[in-house]
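Colleague: sequence first, then the predicted structure, then my questions.
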Amino acid sequence: MKSALITGANRSIGLETAKQLSEKGLFVYIGSRDLAKGEEVVKELIQDGFQNIKAIQIDVTDPESVLAAKNMVEKEQGKLDLLINNAGVLGALPQEPSTNSIESIQQTFDTNFFGVITVTQTFLELLKKSDSPRISNITSGLGSLTLHSDPTWKYYAIKALSYVSSKAALNAFTVTLAYELRDLPFKVNAIDPGYTATDFNHFNGPGSVESAASFIVKHTLTDENAPTGKFFSNDIEDESEESPW
């Protein structure tokens, strides 16, 4: 049985992704900063008929927490097949470049960028034991510098410095990691689930969590011929579903 770890999975898109992976027969670890909240969610899922789901405490900004999670997965599974770096924060608003404080920017990067690197580097040992390891970094269309330079883009006016720059940095990590692992069976991609209605954005997005999660699953549960080092977006109306960097 393949195993998956999803960070920030006790609610919204992460939770729905966990449900869909469970339905496909994977063992899914629901990563949650607050273990009690994660366990409560798992209890409800089991009551709803879901199987092979377990809550795991992981705070991506706390290296000791990440290492403890890695040790648990190693003890129980021996390896990890899918890592979905889903945990993220918007950061305090407003985020005007002329006034956005360094402290606020650093706090956003701690989760959206450094946290992803910490989790990925820590779990890389277990992922290398998989026959088909996958790393999906959940990003945003707002991380595309190309789109941010296009006045015709529908989200062109959203220039939130902390969030935008953290996701652009995450995209850069994705590209460089994919290149480093290019000769191994890894597939490492940045996945934008699209502008989705969640508590993250006060339910303003037009997309559903079901569609967002389905998109993540589609580009994570891939075969050996799938691409790596790509940026896929649920908001791109193109057959390739690729976003410009």
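Modeller: Happy to help now that I have it.

Colleague: residue 64: which element?
Modeller: Using DSSP states H and E, the secondary-structure element containing residue 64 is helix 63-77.

Colleague: could I get that helix in PDB with only the CA atoms?
Modeller: Provided in PDB are the C-alpha atoms of helix 63-77 (Å, rounded to 0.1, in the frame of the first residue of the first chain):
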ATOM      1  CA  PRO A  63      12.400  21.100  12.800                       C
ATOM      2  CA  GLU A  64      12.000  18.800  15.900                       C
ATOM      3  CA  SER A  65       8.300  18.300  15.100                       C
ATOM      4  CA  VAL A  66       9.100  17.500  11.500                       C
ATOM      5  CA  LEU A  67      11.800  15.000  12.500                       C
ATOM      6  CA  ALA A  68       9.400  13.300  15.000                       C
ATOM      7  CA  ALA A  69       6.900  12.900  12.200                       C
ATOM      8  CA  LYS A  70       9.500  11.400   9.900                       C
ATOM      9  CA  ASN A  71      10.500   8.900  12.600                       C
ATOM     10  CA  MET A  72       6.800   7.900  13.100                       C
ATOM     11  CA  VAL A  73       6.300   7.400   9.400                       C
ATOM     12  CA  GLU A  74       9.500   5.400   9.100                       C
ATOM     13  CA  LYS A  75       8.600   3.200  12.000                       C
ATOM     14  CA  GLU A  76       5.100   2.500  10.700                       C
ATOM     15  CA  GLN A  77       5.600   2.500   6.900                       C
END
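
Colleague: list the buried residues in that helix.
Modeller: Under the neighbour-count criterion of 16 or more other Cβ atoms under 10 Å, helix 63-77 has 65-66, 68-70, 73, 77 buried. Bear in mind the C-beta positions are built from the backbone N, C-alpha and C, glycine included.

Colleague: helices of the chain, start to end?
Modeller: All helices of the chain, identified by DSSP state H, fall at 12-23, 35-47, 63-77, 102-109, 115-127, 145-148, 161-180, 209-218.

Colleague: tell me how far the most centrally placed residue in the chain lies from residue 167.
Modeller: Central residue of the chain (Cα atoms, centre = their mean): residue 86, 2.5 Å from the mean position. Taking Cβ to Cβ, to the nearest Å as the measure, residue 86 falls 13 Å from residue 167.

Colleague: same check, this time on residue 130
Modeller: Taken as Cβ to Cβ, the span from residue 130 to residue 167 is 26 Å.

Colleague: higher neighbour count, the two?
Modeller: More neighbours surround residue 167 than the other of residue 130 and residue 167, with 25 against 19 (other Cβ atoms under 10 Å).

Colleague: model confidence for the more buried one, exactly?
Modeller: On pLDDT, residue 167 comes in at 98.

Colleague: going by distance to residue 38, which of the buried residues of helix 63-77 wins?
Modeller: residue 69 (11.2 Å; Cβ to Cβ).

Colleague: so the closest one makes contact with residue 54?
Modeller: No - the criterion here is Cβ atoms under 8 Å, and residue 69 misses it with residue 54 at 11.1 Å.

Colleague: from residue 218, how far out is the residue nearest to residue 74 when sequence neighbours are not counted?
Modeller: Nearest residue to residue 74, sequence neighbours excluded (Cβ to Cβ, 6 or more residues apart in numbering): residue 126, at 5.7 Å. Using Cβ to Cβ, residue 126 is found at 24 Å from residue 218.

Colleague: neighbours around the residue nearest to residue 13 when sequence neighbours are not counted, how many?
Modeller: Leaving aside its chain neighbours, residue 13 sits nearest to residue 212 (4.7 Å; criterion: Cβ to Cβ, 6+ apart). Neighbour count for residue 212, taken as other Cβ under 10 Å: 26.

Colleague: kindly provide the distance from residue 212 to residue 51.
Modeller: Residue 212 sits 23 Å away from residue 51, going by Cβ to Cβ.

Colleague: ok, now residue 98?
Modeller: 52 Å.
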